[in-house]
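[1] How does the following fold in three dimensions:
(2 chains)
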Amino acid sequence: MTKAPASPQYVGVSEPGRPPGQGLDVFDEIYQREFDNVCRNLGRLGVPSADIPDAMHEVFLVLYRRWNEIDPARPIRPWLFGVARRVAAAVRAKRREVLVEIDPPSVADPLAAQRDLLWRALDSLDEDRRVVVILHDLEGHTGAEIAALLEVPVNTVHSRLRLARADLLAAVRRLEAR
Amino acid sequence: MTERDLPETLSALFAAERAAPLADLATPALVRAKLDASIGTAPLGAATATKSALLAAKVLMGIALVVGVGAIATRTRTQASRPAPVAAVVTPMTETPTLAPIAPPPELVAPEEPMPAAPPVRPAAVHRPKTAPRVAIAAEPVPSQTELLRDAWSAMATGDAKRALALVLRDEQLHPRGALDEERDALEVEALARLRRFDEARSARDKFLARYPSSIHRTRVRAIGAEETSR
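    Residues are numbered from 1 along each chain as shown, chains lettered A, B, ... in the order given. Model prediction:
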């Protein structure tokens, strides 16, 4: 059983005291390194595939604009997750409720089919449970870290995680049986 | 909650999702082109954007889609070459996130790890010092389970079940306890059936169903079994 990778720490993500515009190298580095992770989290948070490029643009635009507000001693990934969560919430709020035919999985890339299955299953969860299962099981944060991030008690995190996993498993079986 | 509380079905699904390619969803170069257009001449950390810049982003995306990334690569990205700012200012589309980043406990701080080589997103002619990519060069890289199984699936998709089976067996040797064992074992059943090695396919199928009783692949594996017993 593969454990989710721990969130990397970016020491020196920005350089306080230097004039704006001089941290481009670091910004570029973060863009390259975090691109996939942001993309995955947007999908996990319910952004439809067709909307992901625009949502990616939004997340990194916020990063660019808020660059000087970021604490360079803190990991950047949780910060980006927070932005992605807000962007995804905005996309979901705008999205019309339509019935979507579930395409059969592509024979050429079953990994992409399983990614699609997981994201559809995550989409059916309550927002609170979805966020916890993403942060814990996919992003590798501990219960204590998630509790601090979401400003809820640790027991709440554990409870949401247990329920999220049960809901997710049920959703996967339901979707797979179609 | 611990890893052992995680159902095997979800664990396998998470592993597959982490390994799944994203090229079909978003291309770094295209997103970056749109981002550069939105940023315009605003310096890093400046919370401004212009309506014209956002409009330019849409036009640029359209051009990029028509002529490809190569056209974008000819644009040098220097302070001097950026277009002049436009007066109108629009409100940022998203609010500052309230999630406060946290410092992980010491044991979670990632050790110094080599940066993967960055893809050539932007051209070489930029007027600022380049950071040398930090790449760990392995002498003889062992193919990962993801790489082997992706090649195996491609082989099956093109009708080469023999090659698919060879890759599956190689993966069994190199990665006897990998995160994608379930997918590999399902593929083995399919490859054997396709090669008309029905006794082995039946045996592999029975082993699979016994080992992974709640697998998301069980329906397909059973179907392969039913199909070949009707021959």
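[2] got the contact list for the residue nearest in space to the middle of chain A?
    The centre of chain A sits closest to A:Asn41, judged by CA atoms, centre = their mean, with a distance of 2.4 Å. With contacts defined as CB atoms under 8 Å, 6 or more residues apart in numbering or on different chains, A:Asn41 is in contact with A:Leu80, A:Phe81, A:Ala84, A:Arg85, A:Ile134, A:Glu139. (C-beta placed from N, C-alpha, C; glycine too.)
[3] 6 Å instead, please
    With contact set as CB atoms under 6 Å, 6 or more residues apart in numbering or on different chains, A:Asn41 has these partners: A:Phe81, A:Ala84.
[4] And it, how far from B:Gln145?
    Separation of A:Asn41 from B:Gln145 (CB to CB, to the nearest Å): 24 Å.
[5] circling back: helix, strand, or coil at the residue nearest to the centre of chain A?
    helix (DSSP: H, G, I helix; E, B strand; the rest coil).
[6] and the closest residue to chain B within chain A, what helix or strand is that in?
    Taking CB to the nearest CB, chain B has its nearest neighbour within chain A at A:Gly82, 3.1 Å off. Counting by DSSP states H and E, the element that carries A:Gly82 is helix A:76-94.
[7] Who are the packing partners of that helix?
    helix A:24-44, helix A:52-65 (3 or more CB pairs under 6 Å, 6 or more residues apart in numbering or on different chains; DSSP states H and E).
[8] quick one, the last one and helix A:76-94 angle?
    Spelled out, it's helix A:52-65. 130 degrees (axes from the mean of the first three to the mean of the last three CA atoms, to 10 degrees).
[9] Now do helix A:52-65: distance to the chain's middle.
    13 Å (CA atoms, centre = their mean, to the nearest Å).
[10] got it, and stretch A:75-89?
    7 Å.
[11] In chain A, where's the longest helix?
    Longest helix in chain A, counting residues (DSSP state H): helix A:154-176.
[12] which parts of that one are buried?
    A:156-158, A:160-161, A:163-165, A:167-169, A:171-172, A:175-176 (16 or more other CB atoms under 10 Å in any protein chain shown).
[13] contacts with chain B among those residues, please.
    By CB under 6 Å from any CB of the partner chain, the members of these lying near chain B are A:His158, A:Leu161, A:Leu169, A:Glu176.
[14] what residue ranges in the chain are flagged as low confidence?
    Just going to use chain A. For chain A, residues meeting the criterion pLDDT under 70 lie at A:1-22, A:96-108.
[15] You answered for a different chain; I wanted chain B.
    B:1-4, B:47-140, B:216, B:225-231.
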